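S.K.: Need coordinates for the below:
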Amino acid sequence: MYLYHVLVNILNNIKSPEDLRTLPQENLPQLAQELREFIINIVATKEGHLGASLGVVELTIALHYVFNTPEDILVWDVGHQAYGHKILTGRKEIFHTNRQLNGISGFPKRDESEYDTFGVGHSSTAISAALGMAIASKLKGEANKQHIAVVGDASIASGMAFEALNHAGVTDTNLLVILNDNAIGIDPSVGALKEYFTKVKLNGAKESDNIFEALNFNYSGPVDGHNLDLVISELERLNNIPGPKLLHLITKKGKGLRQAEENQVVYHAPGKFDALTGNLAPRSNEILPPKFQDVFGKTLVEIATTNNKIVGITPAMPTGSSLKFMMDAFPDRAFDVGIAEQHAVTFAAGLATQGFTVFCNIYSTFLQRAYDQVIHDVCLQKIPVIFCLDRAGIVGEDGATHHGIFDLAYLNCIPNLIIFAPRNAIELRNIMFTAQQGLPLPIFIRYPRGRGNIIDWKQPFQAIEIGKANVLKKGLDIAVITIGTIVNNALQAIEMLNPSGKEKISVVDIRFLKPLDEALLHNIFQNHHTIITIEDGTTIGGLGSTIATFAASMGYSNKIEILGIQDSFLEHGTTSELQDIAGISPEKIKLTLQRYI
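M.R.: Residues are numbered from 1 along each chain as shown. The predicted structure is shown next:
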């Protein structure tokens, strides 16, 4: 890359879009260079999402230059690409706190700025939200107010986006949808719509059947999204055209940083890198335990090698989930269905009815988008899909929209399913082996973001008895019941106690939230006066609630304390910081234990 140095730094004088709109248009390319340099320098050291924001620098400047934001409403889709927007809307001086505890969010957030008109952490919501705002303006008689939704080519392929387009096309509203077409979301875009966009780029819109004009949108494009003058000209023209409109922009994700342009998947969120060279920070030679996602991906290939009925599915996250390993090994048996969680779940169910063993890998936070399909299309019919929920629990800097803290609760109330959380990589490997041998019900396997603690994880397979908990430590008075990897925090907390305190505590890895190991629970309640449950999910509806319900139904009166995430949305910060706030860090668990010893 090259850095652009000038005598006068324009960006330093931009405190709001009002300042931006005072600039001569010929100065805007210089501002674009400065904005790119600023984003690169901050993300290089503080980490975060990079490629998406670099790709929309010109668009961001043009939008705030042409439209009277925040009176004209701008809604970003997902928000990975909104760093430039945040910097130009008064948050430049605090942008270095991005995604840090008590700092600004990595996504647009309504209570952070009046320019963040809608919270967008999940994809494909922008058109619906902007249409709602546009109709509200019409009802209030605000005839000249504009409403702009910026949507990526991967996001617009989602069902929700199509629902919004279908509705918007029969409304008389000032709605402008900007299609940011860079042929990639986090991984490359897939599907027939992506092929349609490719045809439009090659042949021109007028030579292709135009899907957006068929939906009653006034279509413009495709336009070079990095030509500031052209983008501004189109936006000014469209500002004076009534009704629903769509501007098709062609951009390059990672624009301005060579490595980010050439390796768009890695540089979506590259971690630390050298701002001058663009090279990633050198990796340590230390041998580390694998990421849970890689344990999933490599184990799936291993069992699929001997079981030709195994099929893998992911909605748009083949790299993030590591289903990419199976896509490379067995391309005919692994499917990226795009940003379409609802379709992924029912597609998996359909395959499973025909005798296939289906592993459907979805981030915990994204499975929320397919809740009805889980209930109606899978569990009600007892279809044995194997769901692998990546990024369960607290995920760290991505914050409230991405934490996987609700899955235990939202799955727990559904009949006809199995819920399992492995405490380590070996357990994840073994439950996958067990599930592919055949289960009578769907199973949901939840595991966290990041690495485990076992280097030598690739052990011979052992089947796991469904509904069987493990007693990891026997004590005299207090029973700690955990689920999943949070047991490591509990064990660390116990190690901090004095020897007499340690011997009083039993530790149980319940493993299965459904079905419960009731025989073991009876033993626990009959032999311990105090029960402490620990989970990296919500205290309402999860492990603690389940244990308390069991105790009440069986007439036990033991003291029960439930540790987990209270009735609030956790914000962003490191996982350890957020665990401490929630009271489930090793230190906070130790303090709880000391009260009962």
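S.K.: any weak-confidence spans in this structure?
M.R.: Counting by pLDDT under 70, the ranges of the chain that qualify are 1-8, 205-208.
S.K.: ok, the longest strand along it: who's next to it in the sheet?
M.R.: Across the chain, the longest stretch assigned as strand under DSSP state E is strand 530-538. Its sheet considered, strand 530-538 pairs with strand 478-482 (parallel), strand 559-565 (parallel) by DSSP bridges.
S.K.: Tell me the buried residues in it?
M.R.: Going by neighbour count (16 or more other CB atoms under 10 Å), the buried part of strand 530-538 is 530, 531, 532, 533, 534, 535, 536, 537, 538. Where you see a C-beta, it was placed from the backbone N, CA and C, and this is true even at glycine.
S.K.: Quickly note the distance from the first one to residue 593.
M.R.: In other words, residue 530. Counting by CB to CB, to the nearest Å, the gap from residue 530 to residue 593 is 9 Å.
S.K.: all helices for the stretch 401-550 of the chain, in order.
M.R.: Ranges of helices within the stretch 401-550 of the chain are 407-412, 425-436, 487-495, 499-502, 518-527, 543-554, based on DSSP state H, counting those that start in this stretch.
S.K.: let me fix that: the stretch 51-200 of the chain
M.R.: Under DSSP H, counting those that start in this stretch, the stretch 51-200 of the chain gives helices at 51-55, 57-66, 83-86, 126-139, 159-168, 192-203.
S.K.: and among the ones you listed, the most buried is which?
M.R.: helix 51-55 (a mean of 28; mean count of other CB atoms under 10 Å).
S.K.: Could you give the separation of that one from the chain centroid?
M.R.: Offset of helix 51-55 from its chain centre (CA atoms, centre = their mean, to the nearest Å): 18 Å.
S.K.: ok, now which residue in this protein is the farthest from the centroid?
M.R.: Most distant from the centre of the chain: residue 500, at 43.4 Å, with distances by CA atoms, centre = their mean.
S.K.: mind putting the buried residues of strand 530-538 in TSV, distance to residue 466 included?
M.R.: Shown next, in TSV, are the buried residues of strand 530-538 (distance: CB to CB, whole Å):
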residue	distance to residue 466
530	29
531	23
532	25
533	21
534	23
535	20
536	22
537	21
538	24
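S.K.: Quick check: end-to-end length of stretch 196-213?
M.R.: 14 Å (CA to CA, to the nearest Å).
S.K.: what does stretch 418-426 give?
M.R.: When the termini of stretch 418-426 are compared using CA to CA, they are 19 Å apart.
S.K.: go on, stretch 315-327?
M.R.: 13 Å.
S.K.: out of the strands paired with strand 530-538, nearest to residue 341?
M.R.: Of all those, it is strand 559-565 that lies closest to residue 341, at 22.6 Å by CB to CB.
S.K.: which of the residues in that closest one are buried?
M.R.: 560, 561, 562, 563, 564, 565.
S.K.: ok, back up a step: common neighbours of residue 530 and residue 593, please.
M.R.: Overlap of the contact sets of residue 530 and residue 593 (by CB atoms under 8 Å, 6 or more residues apart in numbering) consists of residue 478.
S.K.: Distance of residue 578 relative to residue 538?
M.R.: Using CB to CB, we find residue 578 at a distance of 14 Å from residue 538.
S.K.: ugh, typo on my part, it should be residue 596
M.R.: 23 Å.
S.K.: Please identify the helix or strand for residue 388.
M.R.: strand 386-390 (DSSP states H and E).
S.K.: Contacts for that strand next, please.
M.R.: For strand 386-390, contacts defined as CB under 8 Å, 6+ apart pick out 292-293, 296, 317, 320-321, 357-364, 367, 404, 407, 432, 435-436, 439, 442-447, 449.
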